[in-house]
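pasting the sequence and the predicted coordinates here, then a few questions.
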Amino acid sequence: MGTAGGQAALMWALVILLVPLSRVFSSNFPSAAMVNSTIMLGLFLAIVAFGQGLVILSGGIDLSVPAAIALGAFFTGFFANEGFPTPLAVGLGLLISSLVGLINGIIVCSTNFPPFIVTLAVGTIGAALLLGVSQGQPGQNSPPELVALFNGELNVLGAAPSLVMLIAVLMLGYLIQSRTTFGRSVYAIGNSMKAARIAGIRVKFSTFLVYWVAGIAYGLAGVLLLGYGSGSDLNIGNSWLLPSIAVVVVGGSSISGGTGNYSGTVAAALLITLLSIDISAAGFPEGVKQILYGAIVLLALLLSKIGGGRR
Amino acid sequence: MNLQESTGLHRRLAPRAKAPYIAAAVFFVLYGLLIVVSPVAGSAFLINNFVVLMSPLAIAAVGTTLILVLGGFDLSVAGTISLANVVAATAMQRSPENIWLIALGVIAMGALIGMINGLLVSILNLPSLGVTLATNIVLAGIALVIMPAPGGRVPVEFTSVLTGMLGSVPFAAIVLLGLGAFWVALMKTRTGMSIAAIGGDATAAKLSGIPVRRVSTVAYVIAGMLYSVAGLYLCGLTATGSPAAGSSFLLTAFTAAALGLVSFKGGRGSGVAAIFGAGTILVIPKFLFALGIADFWVGACQGLIVLIALTIPSIGRLTRHAARKDAGRNTRGSQLAASTEGLEKQKLHI
Amino acid sequence: MNFKKKLTLVGAMAAVAAFALSGCSAAVSPSGGADGAKEKIFVNLSYSGNNWQDEGANLAMAVAQAPEVAAKYDVKKVISGSDPQKQISDLQSMIASGAKLIVLYPISPTALNPVIQQGCDAGVTFVAYDGTVEAPCAWNISYITGARTEDPEQAFFGAQTAQALVDLLGGTGEVMMNRGVAGTSTDTVHYDTAMSVFNQYPGIKVVNEFYGNWDSSVSQQEATKALAAHPGVDGIWSQAGEDGVVKALEAAGMEIPVTGENSNYLRQKLSEGWPGVSSGSAPAQGAVAVKLGLKILADGADSVPKDIEMPLPWVTTETAKVCPAAEFVDGCNFFAQADDSFVTEIFEKSVLPESSYTAATTGAAVSALQALPSMDTLAQPASRRIYTRGVCDAGWTTGPVEKGQVPAGLPGCVKK
């Protein structure tokens, strides 16, 4: 945990350092628009990465991210357009999207099937069922309350709602991961399942909970993406799977579980978003952008290695 | 203690040793059902079509399986296939007289990619999933730089060999047979056994004198070469190149390995079974099509079949357990130990 | 205990399997029987779940299931996703099952060539819509090289919208480009023809380009990033996903000219005075492709041209007008009740008079099919063949097209 904390501090330092350094990429940087965009786009990534990070912390991996995001977005829009009040529509959307995590959790904790393939299969089924239920028709317009979170009209005590949400997500995520019995048992399971069991931790129940909570997090990201775009296609989640894993790794979590902290993950989400804004500003061709993106992930892995992180 | 160990070992090895047979049975039953529903699928022409179609995935899945046996995850499968496909299509259009030389060069490129992956994982001791996630993104980027839009014309001299018949046997079937034979032979060599030993328990393998770094790197090199061959075969199938050619392989290659009953915890798995797993993936939509199943639900059926395939080893275990119970042995302790150990390894090798 | 658990597990899995199989077989469509009497038509779609694909598929099915078609043919819809290998496999299955006509949305212009050639040899008719295929035996019906109805010399979505943006900017200014899916030929054609226009104006500077994947959400995210770097940009040229671009601009408090495709939201904004142009790919193509295929079956291969261009829709700030109901009447061109990313171009009065909002949103069969008029006026000029077939016709060779096409000088085919 110490080394993960070190990596988190390093990530935050890099984020803060990169804000003025962005000048290299564009003469218009740094600017308020740049910081705002980073926070808004980083928020989605931070929420998705909370779920993925929890699963990775427990020693697993979750490939059902796209399906859960799409379910959350689609059903929130669906119920809102059926005339349900927005909070209820959001609740139902989250409930349905969390089913993906629920089923992942039941299968992973009650069998010893590999999470990689279980979440892949469950995600495939979830996405196909969504396609079948909707008959290919995409999500409908978002309820106006969700749109208002992102279109610049609303502010909370003078701050953009996305900043408030990011801080709330950071604090809540940190509390769940590092200050609750549940969070601590996830660390223990990720470190050594045998030891966790001997220490009296309810391994199966906690493992189940990890996947369920993760599913809720993806659904929440879907709900917010619905508001951001005031509508959603059924493949809205596809572009978030690989970034969610990359952010967790860059944030200093060990991909084999047991170490990491959510503050590092949030910093990594902001860092990667900020870097992608910088790369976008520099006007590289798409292929070069991807090469740079891959190189950043590799560099972060090396950094965490040099920083003394264990495998 | 001794008894427990031996039963534990039996439990671990027995279902996997049967994996090729189970995977083959699943595949042949499904293809047989396909022929029942749609008799034309049994014609030589359509069988050749099918074997050609499954070849790229089957070849890639063998590479994926090899790294899974080593106890790692290789996500660079998609990027390597895209790059190989793009490089081959570009180069073959430019100098059609050197197609076979180009093919060799592309395979050598795959070996180089594999070596980079292998060195990063084994020398720097970085997690394979993270390393190959990064190299996969980089490779896809390079493919996009080389070929910004689909194109390139692969000469018919190349495609007709890969998709044609050799006498009365599909050339692709010979390739897959050769690949299966290669796997069986590899696993009998010292290197092959070392790969499985490292995947089973890296620390024990090191202690028993296996050169872990060298063997791991060799495994990644072989896998990279296989992905390149898959990319070349895709050129044969489509007669062209595309910078996104490999992206769909990222998940299907792992699904094929799962249908080949590979252990995702390292140490055990069969490339032969993965070849049949690839066949199963491709026969499922054809079977559902022949049944006239409504389009939207096909994905759900495919996912369910993967989950059901995962339970097959458990069913095998259950029947053996029943037999042991009849013999009046108490194996509860070993089972508990084995199941804890399974979960433990699951976590370590991801 | 453990044994019991295992038993429960296996039991549960068996139950799931049984449920799955019963579910799967329950999904068997009633028309899927082995009544060998009717000839088979397949509508083969790519991925699904966005408005464009959904409407295109609905309209195609609405036409394909019209009573007079259903009486004669067995019509089925197949979804191939975004993996060319899966589409190759599905096409093989269709050919093997004795298809007469396959109307397809091609995932790749080149990768399907071998399987399409195989099908042609077996006597199958192929009609590709929106995207194109290079296989010479297939019919192509696409807007990629299409021209405006008012002036058939003004061709190419990319070039025409780029010219419109230049005009809106008065010939000078900073421009950003929202491209489609990286590595696709459609994106490349749009981009290359647009750049050939921008390059003619020294006052126009392309400051940034990004890939919105023809997706509103991705376009919005990428535009947000690019706008942070270029707050002084004067105009945005966009492919599909332009509704996301407009939303990113709104969030940044900028109202600058946007050219894009046919989303309901862009047209709504245009009608409220936002400067810009709405043009591009119409989902109506899917239904026209089905009608074209039916005509080929009825009247023979020579009854229609092999390469057909759909006219480019063209709606500006001056002409954007909301429809009172679900019809394009009195020059109205978008719907009050539709989603933001709904693609408005579901009508093509000259060749698809039977289209309706209901057909586009639900796929309900149209009540009566109108005869397809002569398609000769929509034939693609041979000078633009290279963009859709990869080669020029016999007797033509590649070279810059100077006459009969605006902008002049684009690469194309010229008579030898």
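Received, thanks.

who's in contact with the closest residue to C:Tyr191 other than its chain neighbours?
The shortest distance from C:Tyr191 to any residue other than its chain neighbours is 5.8 Å, reached at C:Arg179 (Cβ to Cβ, 6 or more residues apart in numbering or on different chains). From N, CA and C alone the C-beta is placed, and that goes for glycine too. Applying Cβ atoms under 8 Å, 6 or more residues apart in numbering or on different chains, we find C:Arg179 in contact with C:Asp187, C:His190, C:Tyr191, C:Glu209, C:Phe210, C:Tyr211, C:Gly212, C:Gln239.

ok, the nearest residue to the first one once chain neighbours are set aside - contacts?
Once its chain neighbours are removed from consideration, C:Asp187 has its nearest residue in C:Gly180; the separation is 3.7 Å (Cβ to Cβ, 6+ apart). For C:Gly180, the contacting residues are C:Thr186, C:Asp187, C:His190, C:Tyr211, C:Gly212, C:Asn213, C:Trp214, C:Gln239, C:Ala240, C:Gly241, by Cβ under 8 Å, 6+ apart.

give me the element the closest residue to the fifth one other than its chain neighbours is part of.
Here the nearest residue to C:Gly212 in space, its sequence neighbours aside, is C:Ser219; by Cβ to Cβ, 6+ apart that works out to 3.0 Å. Assignment of secondary structure by DSSP states H and E places C:Ser219 within helix C:216-229.

residue of the stretch 101-250 of chain C closest to chain A, please.
C:Ala229 (3.2 Å; Cβ to the nearest Cβ).

pull the number of nearby residues for that residue.
Here the count is done by other Cβ atoms under 10 Å in any protein chain shown, and C:Ala229 has 27 residues near it.

pLDDT at A:Ala67, what is it?
On pLDDT, A:Ala67 comes in at 96.

that one contacts A:Ala127, correct?
Yes - between A:Ala67 and A:Ala127 a contact is recorded at 4.3 Å, counting by Cβ atoms under 8 Å.

who's more crowded, those two?
When neighbours are counted by other Cβ under 10 Å, A:Ala67 and A:Ala127 differ, and A:Ala67 comes out ahead with 30 against 25.

centre of the chain to whichever helix or strand that one is part of, how far?
A:Ala67 is located in helix A:65-81, with elements delineated by DSSP H and E. A distance of 16 Å separates the centroid of the chain from that of helix A:65-81, by Cα atoms, centre = their mean, to the nearest Å.

with stretch C:224-237 instead?
27 Å.

buried ones in that stretch?
Under the neighbour-count criterion of 16 or more other Cβ atoms under 10 Å in any protein chain shown, stretch C:224-237 has C:Thr224, C:Lys225, C:Ala226, C:Leu227, C:Ala228, C:Ala229, C:His230, C:Val233, C:Asp234, C:Gly235, C:Ile236, C:Trp237 buried.

contact partners for A:Phe29?
A:Ser22, A:Arg23, A:Asp278, A:Ala281, C:Ala228, C:Ala229 are the contacts of A:Phe29 under Cβ under 8 Å, 6+ apart.

same question for A:Leu170.
A:Ala46, A:Tyr262, A:Ser263, A:Val266.

Provide a list of residue ranges in the chain with pLDDT below threshold.
Just so you know, I chose chain A. Along chain A, segments meeting pLDDT under 70 span A:1-4, A:307-311.

if you could check chain C rather than the one you did, that'd help
C:1-37.

please parse it into its domains.
C:39-143+C:283-311+C:348-385, C:149-280+C:313-343 (the TED database).

so how far is stretch B:20-27 off the chain centroid?
On Cα atoms, centre = their mean, the centre of stretch B:20-27 falls 15 Å from the chain's centre.

ditto for stretch A:157-177
From the chain centre to the centre of stretch A:157-177 is a distance of 14 Å (Cα atoms, centre = their mean).

going by neighbour count, list what's buried in it.
Under 16+ other Cβ under 10 Å, the buried positions of stretch A:157-177 are A:160-166, A:169-170, A:173-174, A:176-177.

again with stretch B:101-109
Of the residues in stretch B:101-109, B:Ile102, B:Ala103, B:Val106, B:Ile107, B:Met109 count as buried by neighbour count, 16+ other Cβ under 10 Å.

and which of those is nearest to chain A?
Nearest member of the buried residues of stretch B:101-109 to chain A, counting by Cβ to the nearest Cβ, is B:Met109, at 16.2 Å.

can you tell me the closest non-neighbouring residue to the residue of the stretch 51-200 of chain A found nearest chain C?
Minimum separation of the stretch 51-200 of chain A from chain C (Cβ to the nearest Cβ) falls at A:Gly136, amounting to 3.8 Å. Distances taken as Cβ to Cβ, 6+ apart place C:Ser48 nearest to A:Gly136, at 3.8 Å, with adjacent residues excluded.

now A:Asn238
Closest to A:Asn238 by Cβ to Cβ, 6+ apart is A:Pro66, at 4.8 Å.

and for the one you found, the neighbour number?
A:Pro66: 25 neighbours (other Cβ under 10 Å).

and if you look at B:Gly167?
Number of residues near B:Gly167 (other Cβ under 10 Å) recorded here: 7.

C:Thr188 now?
Count around C:Thr188 with other Cβ under 10 Å applied: 19.
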